[in-house]
Structure formats: C-alpha cells, structure tokens
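**Student:** fold the following, please.
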Amino acid sequence: MKVRVNIYQDEDGMYIAECPSIPGCVSQGASEREAKSNIADAIRECLAVRAEMGLPLAVTTHEVEVTV
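**Tutor:** Modelled structure (predicted):
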C-alpha cells in the first residue's frame, strides 16, 4: 500500500511525519530517514487499529488552492 506522508522539521530540530489520509497517524525522528521509518511503523499500527474498530482504513484527502 502506498500513502502520501508529509515530513517537516520542527523548531527543536526533530522531523515530524504525518499521514494525512489516516487520521491521527503521526510520528517523528531525529533525522528524515528515521522519521520515514517510524511513520511506516505508525501507518501499519494505525491501519491495524482502524481495521479492528471497523473504521475505513483511510479518508479522502483533497488539494485546495488558497490565495495568499
């Protein structure tokens, strides 16, 4: 299964990884590589919990254009 993740560095230097199509699926790491590995583990765990609870595995995400 392929899912999109967002990875960014926070003010403390940690890399935060989020999977927008799986609500609440977030992880972190000291490096981008570690954050990618950790979010992969988190995705597996979140999918297992959502399946166990009878929830849809993922939600629909949309791209929205906003004038700034």
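**Student:** so which strand or helix has the nearest residue to I39 once chain neighbours are set aside?
**Tutor:** Distance criterion Cβ to Cβ, 6 or more residues apart in numbering; nearest residue to I39, sequence neighbours excluded, is A17 at 3.6 Å. The way it works is simple: take the backbone N, C-alpha and C, and place the C-beta from them, glycine included. Using DSSP states H and E, A17 sits within strand 15-18.
**Student:** elements contacting the helix or strand just after that strand?
**Tutor:** Using DSSP H and E, the helix or strand that follows strand 15-18 in sequence is strand 26-29. Counting by 3 or more Cβ pairs under 8 Å, 6 or more residues apart in numbering; DSSP states H and E, the packing neighbours recorded for strand 26-29 are strand 15-18, helix 32-52.
**Student:** so which of these is nearest T61?
**Tutor:** Counting by Cβ to Cβ, T61 lies closest to strand 15-18 out of the helices and strands packed on strand 26-29; the figure is 11.2 Å.
**Student:** show me what the closest one pairs with in its sheet, parallel or antiparallel.
**Tutor:** strand 6-9 (antiparallel), strand 26-29 (antiparallel) (DSSP bridges).
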